[in-house]
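*Asks:* how would this look folded up:
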Amino acid sequence: MNIEIERKFLINKIPENCKKSIHIKQYYMHIDDNFVQRLRFFNNEKAIISLKQNCAGLSRYEFEYEIPLSDAKKIVSISNSNFTEKIRHIIYFDSIKWEIDEFLGDNFGLVIAEVELSSEDDDFQKPSWIGAEVSNKTKYYNYKLANHPYSKWIDHP
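*Replies:* Numbers count the residues shown, from 1 in each chain. I've put the predicted structure just below:
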């Protein structure tokens with residue numbers, strides 16, 4: 001099964017030794033109590049549609065499938081979907097891959113680091129640039145940011 005175990009943290013600053021940066025635009029096609037369906041564009045060169053379980057906690061099901069870019073663009077053009085946009089920076093710290101999302105548009109100023117784990121109990125060293133954990137704070141979920149952007153929050157962060 002495709003189970004994702006992820007922890008999220010605010011960060012103090014984006015580290016300088018990023019290995020790769022990717023522009024991501026993700027549209028939210030459907031959101032309900034069980035699943036979030038999104039369509040993501042990577043550097044406007046590749047499109048992935050995904051279903052992600054909508055639940056509290058660190059573990060959730062996630063199913064992702066690449067689809068033709070032209071199909072993805074057509075789906076977006078005929079839908080009325082909210083989206084988030086970000087630059088994802090990839091960095092390795094202590095042999096662990098971190099994905100740092102630097103949000104753009106209405107979420108500009110928000111930067112979140114994510115780490116995927118093999119178990120909820122995994123012990124790992126946190127880099128010095130890591131701040132408060134926000135894994136279970138729903139307002140930081142990407143689909144929530146699409147509907148209620150960071151720029152509209154009264155209390156940052």
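
*Asks:* Just want the phi and psi numbers for residue 76.
*Replies:* phi -70, psi -40 (degrees, to the nearest 10).

*Asks:* Quick one: mean pLDDT over stretch 47-59.
*Replies:* Throughout stretch 47-59, pLDDT has a mean value of 85.

*Asks:* tell me which residues of that stretch are tucked away?
*Replies:* Going by neighbour count (16 or more other CB atoms under 10 Å), the buried part of stretch 47-59 is 47, 48, 49, 50, 51, 52, 53, 54, 58. For every residue, glycine as well, the C-beta is placed using N, CA and C.

*Asks:* ok, so of those, who is nearest residue 129?
*Replies:* Distance to residue 129 across the buried residues of stretch 47-59 (CB to CB) is lowest for residue 58, with 21.0 Å.

*Asks:* Looking at the buried residues of stretch 47-59, which is nearest residue 113?
*Replies:* For the buried residues of stretch 47-59, the nearest to residue 113 is residue 58 (14.7 Å; CB to CB).

*Asks:* for residue 135, what are its contacts?
*Replies:* By CB atoms under 8 Å, 6 or more residues apart in numbering, the contact list for residue 135 reads 6, 7, 8, 9, 58.

*Asks:* hmm, 6 Å instead?
*Replies:* 7, 8, 58 (CB atoms under 6 Å, 6 or more residues apart in numbering).

*Asks:* Tell me how far it lies from residue 94.
*Replies:* Residue 135 sits 19 Å away from residue 94, taking CB to CB, to the nearest Å as the criterion.
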